[in-house]
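Peer 1: Structure, please.
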Amino acid sequence: MCVPSSTGRFPVIRSLCVAAALLLTLAGTGPGAAFAQTGTQTGAQSSERGSVTVFAAASLKNAMDGIAAAWRARTGHDVVVSLAGSSALARQIQAGAPADVFISANADWMDRLEKDGLLVEGSRRDLLANSIVLIAHGGNVAPLEISPALDLSGLLGEERLAMALVEAVPAGIYGKAALTRLGLWDAVEPKVAQADNVRAALALVATGEAPFGIVYATDAAAEARVGVVGTFPADTHPPIVYPAAVLDGRDNPLAGDFLAFLGGAEAAAIFAEQGFVVLD
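Peer 2: The predicted structure is shown next:
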């Protein structure tokens, strides 16, 4: 049984069973983790063929798997993808992590890097949009209207609501904003179990450690062990936009090519297949 530990004002999940679940979902995610590879690559191949390193929000995991494979097939170049919460990745970039391209699930973290002069001027673009949903454990769940009348605290009882870090990770920030706007946050706050990123929150619900959670719609679609209870109205939270940009200081000619590939038709089809809204 996973038991949440208390850190600060909110309980934060730190359990071995969640870590095991995440090994099946994300490779090397989280602050300070080794950069995760989405495919097989040797050092010799990377050196000879050229490589681009991409830091991407955890919610992009499935899409980036497909895009990395398509990029390799199209160009013959390798790509190394590190997946984690946008806040953790942004802090790594601020600390000098060797990334070429950053895809955030939140404009604010990209704004911070831009303010710090860490983006190649003119490279930033809004790539995707998403929505957040309330999910429940099990594939067959009864739908509910997400409104101020929803007794989410009553549904939880003595159990937990899984969310990404509500003060740092975009999915958690959006979820808290939505619950606050609906007048549900105060009752639910003591029952929130925070995870390092949105895929970790998804894993808590998928494994039954938490009966309900708030994740992106695309995350819910990627996990058969959860069902969508309802979608949070778009006017309850800031727009969920994924900006992407080339990072300054690396001078990797492949970085701009990869960003252009992300905005092309082949990548757009992969993103759309995973449920993202592709922005013009």
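Peer 1: Quick check: which ranges of the stretch 51-200 of the chain have low pLDDT?
Peer 2: Nowhere does the stretch 51-200 of the chain drop to pLDDT under 70.
Peer 1: And the helices in it?
Peer 2: Read by DSSP state H, counting those that start in this stretch, the stretch 51-200 of the chain holds these helices, from start to end of the chain: 61-75, 86-94, 107-115, 152-156, 170-181, 185-188, 198-206.
Peer 1: could you redo those helices as a markdown table and give each row mean neighbour count and distance to Phe258?
Peer 2: All C-beta atoms are positioned from the backbone trio N, CA, C, and that covers glycine. As requested, the helices of the stretch 51-200 of the chain are exported to a markdown table (neighbours: other C-beta atoms under 10 Å; distance: least, C-beta to C-beta, whole Å):
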| stretch | mean neighbour count | distance to Phe258 |
| --- | --- | --- |
| helix 61-75 | 19 | 7 |
| helix 86-94 | 23 | 16 |
| helix 107-115 | 18 | 17 |
| helix 152-156 | 15 | 41 |
| helix 170-181 | 24 | 22 |
| helix 185-188 | 16 | 39 |
| helix 198-206 | 30 | 22 |
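Peer 1: Let me have those in a markdown table, extended by distance to Ile240.
Peer 2: Compiled in a markdown table, the helices of the stretch 51-200 of the chain are given as follows (distance: least, C-beta to C-beta, whole Å):
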| stretch | distance to Ile240 |
| --- | --- |
| helix 61-75 | 15 |
| helix 86-94 | 12 |
| helix 107-115 | 9 |
| helix 152-156 | 20 |
| helix 170-181 | 6 |
| helix 185-188 | 18 |
| helix 198-206 | 11 |
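Peer 1: Which one of those helices lies nearest to Ala136?
Peer 2: If you check each of the helices of the stretch 51-200 of the chain against Ala136 by C-beta to C-beta, helix 198-206 wins as the nearest, at 7.0 Å.
Peer 1: Now do the closest one: distance to the chain's middle.
Peer 2: On the basis of C-alpha atoms, centre = their mean, to the nearest Å, the separation between the geometric centre of helix 198-206 and that of its chain is 11 Å.
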